[in-house]
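>>> Turn this into a structure:
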Amino acid sequence: MPRTARPRRRTALAALSVCLVLGCGAGATPQGAEQARPPSAPAEPGDGVVTWASSADRFGEAVGGRGYRMVVHTSVGGSGLRVRLSNAFGDQPVTFGNVHAGLRRHGAALVPGSNRRLTFEGARSVTVPAGGIVHSDPLPGHVPAASSLAVSLYVARAGGALTGHWLAMQTSYTAEGDHTAEESGAHWKKRTGSRFYLDAVTVRPRSTAGAVVALGDSVTDGWQSTTDLNRRWPDYLARRLAESPTTTVKGVANAGIAGNRVLTDGPGQSALHRLTRDALSLPGVRTVVLFQGVNDIKFEPGVTAAQLIAGYRTLIDRVHAAGKCVVGATIAPFKGWQEWDPAGEAVRRKVNAFIRGSGEFDAVADFDRVLRSPSDPERILPAFDGGDHLHPNDKGMRAMADAVDLESLDCGGR
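Model prediction:
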């Protein structure tokens, strides 16, 4: 199959300086009036690298006058922090009155002196049209790798459909009114396990670095991993990348959506429909790890192996056309899950044979091999089973991350 030429690989990421976190000691940020942004002309992400991401979907109804303090875990560190706010699934405009970012101390409380205002073309507030996405201006200062960053949004006006991410596996906080500038957690009393509007954070690393996107479903989203401890398999992968002296890929974006499928919209748009927004549009991305297909197989009516393979081939072609590489991850066993049946198992085996043997992926992460039970290859190894026979526990998540060849993610980086 024809492939596009791939860029050369680049050098490694340097260490950070904690004393410069989020612009400590920097001058005041610019202020201004609200400025509208058309959906056809979002702010450009520049030369940064994604350090965190969470795929957007539609869930619930949007309301104005509410604040959201969302805790996210960075992968790569760097300066010039920018956030991407999404109204991709909204049917009405949403106005963000204030947006701040700071380092989380504990709960909803922030590290004193770290909370800084983010602006949008110099303005404190921004209105994002229905279907639109906006990037903030770069924030002076340095953001540490592997840090708990709190992004606080005040939604001044909103209505209609809400854009966010239902399954965060991370506690965040809500408040009535605008308390985004406060470092205390006093007004942030309500807890939530979801995220709202925020779908990406980028930085400019001190040395050239790249990123990888994990495009997946509830396993990638982290279901059955321990909440608030960052034990999804992409989190473990980020730790391995941070410790590696050879790879220049340091950023990790989690593009998992629970229940998501390759071919059909359902929970979230299908992988075919969301590939550009959730993966290819993120700055610094060199490689996409594609780990989807079990929901296509187990949902009724189930797909054939030929249909799923055709979907993979379309995704592979699109990733290659964007000048990036794609790693295919084999579908893990799920016997014991209520929707398992022998026909679906036969499809899973045929699809895995394609992933391993076709040569159409740039590399393979064999999650099936590391997770399956030696005594019953149709089941997850009991030590890795999160309890429902489909989703791995923390140990299984770590085993998955350990199965990824780090050099395969550094596509075009040297």
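>>> Now do the contacts for the nearest residue to Ala279 once chain neighbours are set aside.
Sequence neighbours aside, Val213 is the residue nearest to Ala279 in space, at 4.3 Å (criterion: Cβ to Cβ, 6 or more residues apart in numbering). Where C-beta positions appear, they are placed from N, C-alpha and C, glycine not excepted. Residues in contact with Val213 (Cβ atoms under 8 Å, 6 or more residues apart in numbering) are Val50, Ala53, Val252, Ala253, Ala255, Asp278, Ala279, Leu282, Val285, Thr287, Val288, Val289.
>>> and those, which of them are in strands?
With strands defined by DSSP state E, the entries of those inside them are Val50, Ala53, Val252, Ala253, Ala255, Val285, Thr287, Val288, Val289.
>>> Flag the shaky bits of this protein, pLDDT-wise.
Low-confidence regions of the chain, defined by pLDDT under 70, span residues 1-46, 412-414.
>>> And the residue nearest the centre of it?
Nearest residue to the geometric centre of the chain (Cα atoms, centre = their mean): Asn254, 2.6 Å.
>>> Who is it paired with across the strands?
Residues found in beta-bridge contact with Asn254 (criterion: DSSP bridges) are Ser54, Ala214.
>>> which strands and helices sit next to the helix or strand hosting Glu345?
With secondary structure defined by DSSP states H and E, Glu345 is part of helix 342-357. For helix 342-357, the elements it packs on are helix 294-298, helix 305-321, judged by 3 or more Cβ pairs under 8 Å, 6 or more residues apart in numbering; DSSP states H and E.
>>> okay, those, which one's buried deepest?
Ranked by mean neighbour count under mean count of other Cβ atoms under 10 Å, the helices and strands packed on helix 342-357 are led by helix 294-298, which reaches a mean of 24.
>>> packing partners for that one?
If contacts are counted by 3+ Cβ pairs under 8 Å, 6+ apart, helix 294-298 sits against helix 305-321, helix 342-357.
>>> switch the cut-off to 6 Å
Helices and strands touching helix 294-298, as assessed by 3 or more Cβ pairs under 6 Å, 6 or more residues apart in numbering; DSSP states H and E, comprise helix 342-357.
>>> ok, the next helix or strand after the helix it packs on: who's next to it in the sheet?
In the C-terminal direction, the helix or strand that comes right after helix 342-357 (DSSP H and E) is strand 363-365. Counting by DSSP bridges, the strands paired with strand 363-365 are strand 325-329 (parallel).
>>> in the partner strand, what counts as buried?
Of the residues in strand 325-329, those scored as buried under the neighbour-count criterion (16 or more other Cβ atoms under 10 Å) are Cys325, Val326, Val327, Gly328, Ala329.
>>> Just give me the closest of the residues you listed to Val128.
Val326 (30.4 Å; Cβ to Cβ).
>>> Hmm, the closest one is touching Val288, no?
Yes: here Val326 lies in contact with Val288, judged by Cβ atoms under 6 Å, at a distance of 4.9 Å.
>>> Quick check: neighbours shared by these two?
Common neighbours of Val326 and Val288 (criterion: Cβ atoms under 6 Å, 6 or more residues apart in numbering): Val319.
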